[in-house]
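Chemist: next comes the sequence, and after it the predicted model I'd like to discuss.
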Amino acid sequence: MNLVWFKNDLRIFDHRPLWEASHEPCIALYIIEPLWLDDIHTGLFHKIFLRECLLDLKSYLKQKNIPLLVLQGEAKDVLAQVIHNHNIKKVYSHQQTGLYWSFKRDLKVKAFLEDQEIPWIEYKQFAVVRKLKNRDTWNKRRDEIIARELYPEPKKQKRQIDLEKSFFDIEALGERKNESIQFGGRKAAVKTLNSFLERRGRFYYRDLSSPLTAADSCSRLSPYISFGCLSLSEINQAIRKAGSLDDFHWKRSLKAFESRIWWHCHFIQKLESEPEIEFENVNPGFNGMRENDFNSEYFKAWSQGQTGFPMIDACMRSLRETGWINFRMRALLVSFASYQLWLHWKPLSDFLAPYFLDFEPGIHFSQLQMQSGVTGINTIRMYSPIKQSLDQDPKGEFIRRWVPELSRLDDQSIHAPFDAPVMFLTMSGVELGRDYPFPIVDPKKSYDEAKEKIYAWRKSPQVTQFASGIIQKHASRKNKFFPIQHRKSFGNLDCHNYPKDEE
Ligand SMILES: Cc1cc2nc3c(=O)[nH]c(=O)nc-3n(C[C@H](O)[C@H](O)[C@H](O)COP(=O)(O)OP(=O)(O)OC[C@H]3O[C@@H](n4cnc5c(N)ncnc54)[C@H](O)[C@@H]3O)c2cc1C
């Protein structure tokens, strides 16, 4: 009997391990790992979503007469038990670029299976390359991997194999109480993909930065990609078939969307090549810059959506309720906390991860570090919360939705109530300090101070000495400036390894 070990690949279509294993009798396994349940990055949203994914997967597999075992325990122990009970000859799975604990888990599993002389056949799920030697050739390999043929659903097994009852009650993961977070499972994933490519995505390029429009105009595929309900190759091929070719908006949107899908693997490759970025600054030259300046009052206000900056608070409250916020607003939340509040990226990352339904370690740690300016190779982006508010929510609609205590303010005052004439506030029945906090920092002073500090660090030899190594290892080769970066001197060079509209 073959065993298919499901991890972050909860689908039956375009699933190579399942397809290959199904040529012989096979069973499927998902392990609820205590290390995952107790991990600081795991939140209730993830458990609810996983529950829905597993129930969905189970019913798809049942149609193919493939039983899904869901067991709780350390991966090596569970595998040992299943291999023993079911006389397993081969284990099939996808490679996973996860957290440090999953990396160590894989080493243990590998040693155990080798010891038992059971082949472990692993396939790539993304275009992420293990032990990548040369970043220069990665783009080409990535494109080949993503454009490959899709794997069909598994072969139907001749008879339903009887298994012992699952020891883990999937329902116990947590039941949803409302519809605020996205629904898990492949059915929901396919529906989301289709609605995006048929209707919602037409103005993606135009609407993706505003939190008002992004929720509908962005694909909302991220949790389905992170849990593997859809494969990147299948999304890539769906893009090619979608949209009217003579429609300017569709053409532009699909191009912008395709480039985001491209970034997915680019970021995960960084974690694969350097797992330490889960814990440490990409550029060690920044060590010591913020570590001793942690202000717990600032952190508390930021994490509770009580900073006194309406757009920041609206974004945080919306994220905590729905498990999602668009890219620009994620960047704003992190940039504000990193610069104006001068908080280290690690506690920010730990706090945000359980709320991001789409938590994907490779993207998450890289983005947190980029947005807080500690890579030393990316352009420093210090977003002004007031400017972003005016640009992305000019009438204050998003703010009114999530910060209802300000809903009676006029369209001008709502972005920075602390700057509004007291008379305006009084007329609207809003008293700062009573109904809504005063800003926890002076917007201009905190911005100027942070700017001075970050640029001083950025220019210092202790930071610049690492730049060339980081560029060699991690930077995108898509950029037309890249050849310049091969030069020895990195003096004033900013590595714009990011799409223009995301900068
Ligand atoms: C601080 C911070 C943390 C982030 N953490 C995560 C995370 O844990 N998981 C995650 O999937 N994305 C993360 N992102 C990237 C991005 O914000 C989300 O992928 C996006 O908002 C998800 O919504 P969507 O699926 O509608 O995106 P769309 O705009 O429709 O993009 C489609 C897909 O492309 C990929 N993608 C989009 N933008 C990026 C990007 N900048 N980098 C890499 N891949 C991208 C995602 O897989 C996404 O689902 C983070 C961004 C920031 C600034």
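Modeler: Good, I have the coordinates.

Chemist: so where's the protein uncertain?
Modeler: Applying pLDDT under 70 to the chain picks out residues 164-167, 243-245, 477-503.

Chemist: so which bits of it are right by the ligand?
Modeler: Contact residues (Cβ under 6 Å from any ligand atom) of the chain with the ligand: 208, 218-222, 225-226, 257, 260-261, 263-264, 267, 326-327, 330-331, 334, 356, 358-360, 363-364, 367-368, 371, 502. (C-beta placed from N, C-alpha, C; glycine too.)

Chemist: count of residues packed around the residue nearest to Thr213 when sequence neighbours are not counted?
Modeler: Once flanking residues are discounted, Thr213 sits nearest to Asp207: 3.6 Å by Cβ to Cβ, 6 or more residues apart in numbering. If you count neighbours by other Cβ atoms under 10 Å, Asp207 ends up with 19.

Chemist: any idea how far Asp207 is from the ligand?
Modeler: Note on Asp207: its distance to the ligand, by Cβ to the nearest ligand atom, to the nearest Å, is 10 Å.

Chemist: where is the longest strand in this structure?
Modeler: strand 26-32 (DSSP state E).

Chemist: quick check: next helix or strand after that strand?
Modeler: Remark: after strand 26-32, the chain's next helix or strand is helix 34-37, criterion DSSP states H and E.

Chemist: whatever helix or strand comes next after that next one: which residues count as buried?
Modeler: Going down the chain from helix 34-37, the next helix or strand is helix 44-63, by DSSP H and E. By neighbour count with 16 or more other Cβ atoms under 10 Å, helix 44-63 contains the buried residues 45-58, 60-61.

Chemist: contacts only, for the residue of the stretch 1-150 of the chain found nearest the ligand.
Modeler: Closest residue of the stretch 1-150 of the chain to the ligand, Cβ to the nearest ligand atom: His41 (8.9 Å). Listed by Cβ atoms under 8 Å, 6 or more residues apart in numbering, the contact set of His41 reads 99, 350, 353-354, 359, 361, 364.

Chemist: how about Val374?
Modeler: 281-283, 286, 289, 345.

Chemist: again, but for Met289
Modeler: With contact taken as Cβ under 8 Å, 6+ apart, Met289 is in contact with 374, 453, 457.

Chemist: Ile470: which of these is nearest?
Modeler: Ranked by distance to Ile470 (Cβ to Cβ), these are led by Val374 at 10.6 Å.

Chemist: wasn't the closest one part of a helix?
Modeler: No. Assigned with DSSP: H, G, I helix; E, B strand; the rest coil, Val374 falls outside any helix and is coil.

Chemist: if I look at it, how far off is Gly288?
Modeler: Applying Cβ to Cβ, to the nearest Å, the value for Val374 to Gly288 is 11 Å.

Chemist: hang on, the earlier thing: can you select the buried ones from the contacts of His41 in ChimeraX?
Modeler: A single ChimeraX command selects the buried members of the contacts of His41 (16+ other Cβ under 10 Å):
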select :99,353,354,359,361,364
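
Chemist: mind putting the contacts of His41 into TSV with secondary structure?
Modeler: What follows is the contacts of His41, written out as TSV (three-state DSSP):
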residue	secondary structure
Leu99	coil
Asp350	helix
Ala353	coil
Pro354	coil
Phe359	coil
Pro361	helix
His364	helix
